[in-house]
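[1] Test case, fold it:
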Amino acid sequence: MTTIGRRRLGGFAMAGGAAAIAAPLVARHALGEAPVHHLKMTMADVSSHPIYGMLNDFAADVRKRTGGAVDIKVYGAGQLGSQANALTGMQTGTIDLVCHTTGFIETIYPTVAVLDLPYIFKTSEQAETVLDGPVGQQLFDLFPAKGIYGLCWGHWGWRPVTHATKPVPEPKDIAGSKVRIQPGAIYAATYKTLDAAPQVIDQSEIYLALSQHAVDALEVPLISLVASKFYEVAKHITLTNFAYNPGAIMASKRTMDRLDPPYQKAIRDAALAATPPWRTMMAQKTIEATAFLKTQGCTVAEPDKAAYAAALKPVCQQFRPIVGPALLDSIMKQTGNA
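    Residues are numbered from 1 along each chain as shown. Prediction:
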């Protein structure tokens, strides 16, 4: 798996940048003696993505639940560092909250890769039943040991393959293509199994990589194609949808542990309250994105999912000991997708 480096972000390389994102800052409440905590939150996509608006609603709910004592400012991908650095920032406490995808989360918690096994979920309803049950909590229980709290599971969108030169309806069609992926090992294994060449590229570099033919294709949700205008340089969409691609709102353990218990509860409750509208929004915005992309000259093709599923069976066997046989069997039993 090839990794293409990220350009250094100038803003936070400057002296004082680390202090600017240190969390939490505490000031006096303008209306009383309660402290005001100013927290920073980032996400896995750009600020034009609909999830950015959802997170601002979450921040407003936290502010309301705490009577203005906890103020959260939301930043898009790249504004506080790379997509990968967002997670390590939570561990060190320099970033307070992050909304990210499982493809990045599993780089810290390999067991989370179970959620991205090819075709482990065939419908959103299957995924949500699993995530809202014991399995979702079991995975979140792994997080505090490495400095992070998981607050809720949402959805980033099913992940089709979008190619610069052709549709890929059959597994043989994608062989030899250089495909931009998330850094999770499961994604690399998936495309290697299809004889493609997976390449990890930060969100900020994808458009340039496609423009310069450093990659032939990318695997991102349709909403992300629109938000970052990747459709301008890659127009052949195949709805392979190997992964449901959950997202999660997470918090730095260092930050949360410093807050008073009522404020911690307010943040947790606001995250849980955000989950249903988050999922509903993503379903609707995916429909809207599909229609928009067709107006931009993109082709949208259905693949032979049976052929892809058969070709990708070795990936499930490869990751069975990594994610844990009992956990995998539990999910398969719930979904009936054995």
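[2] remind me which residues of the stretch 201-338 of the chain are low pLDDT?
    Per-residue confidence for the stretch 201-338 of the chain (pLDDT under 70) gives these ranges: 338.
[3] Do a quick rundown of the helices in it.
    Read by DSSP state H, counting those that start in this stretch, the stretch 201-338 of the chain holds these helices, from start to end of the chain: 206-211, 222-227, 253-258, 261-295, 305-311, 313-323, 325-335.
[4] got it, and the stretch 51-200 of the chain?
    When assigned using DSSP H, counting those that start in this stretch, the helices of the stretch 51-200 of the chain occupy the ranges 83-92, 102-105, 124-131, 134-140, 171-174, 185-193.
[5] Tell me which of these is the most buried.
    helix 102-105 (a mean of 26; mean count of other C-beta atoms under 10 Å). Any C-beta I mention is one placed from the backbone N, CA and C, and that applies to glycine too.
[6] Show me what K73 bridges to in the sheet.
    When bridges are assigned using DSSP bridges, the partners listed for K73 are K40.
[7] Per-residue confidence, it, what does it come out as?
    On the pLDDT scale, K73 is placed at 96.
[8] Repeat that for the one 3 residues further on.
    pLDDT, G76: 91.
[9] and it, what does it touch?
    With contacts defined as C-beta atoms under 8 Å, 6 or more residues apart in numbering, the neighbours of G76 are T42, M43, D45, V46, S47, S48, H49, Y52.
[10] one more time with 7 Å
    The neighbours of G76, taking C-beta atoms under 7 Å, 6 or more residues apart in numbering as the test, are M43, D45, V46, S47, Y52.
[11] And the nearest residue to it once chain neighbours are set aside, how close does it get to C152?
    The shortest distance from G76 to any non-neighbouring residue, by C-beta to C-beta, 6 or more residues apart in numbering, is to S47 (3.3 Å). Using C-beta to C-beta, to the nearest Å, we find S47 at a distance of 21 Å from C152.
[12] same thing with A307?
    When distance is defined by C-beta to C-beta, A307 is 35 Å away from C152.
[13] Looking at the two, which is more packed in?
    C152 (24 against 13; other C-beta atoms under 10 Å).
[14] Pull the contacting residues for the residue found closest to the more buried one once you drop the neighbours it is linked to in the chain.
    Counting by C-beta to C-beta, 6+ apart, C152 lies nearest to A271, which is 4.2 Å off, once chain neighbours are set aside. By C-beta under 7 Å, 6+ apart, A271 lies in contact with F58, L151, C152, I249.
[15] one step back: how close does the residue nearest to G76 get to Q264?
    27 Å.
[16] Y109 now?
    To Q264, Y109 is 21 Å away according to C-beta to C-beta.
[17] G136 contacts C152, correct?
    No. Under the criterion of C-beta atoms under 7 Å, G136 makes no contact with C152, lying 8.9 Å away.
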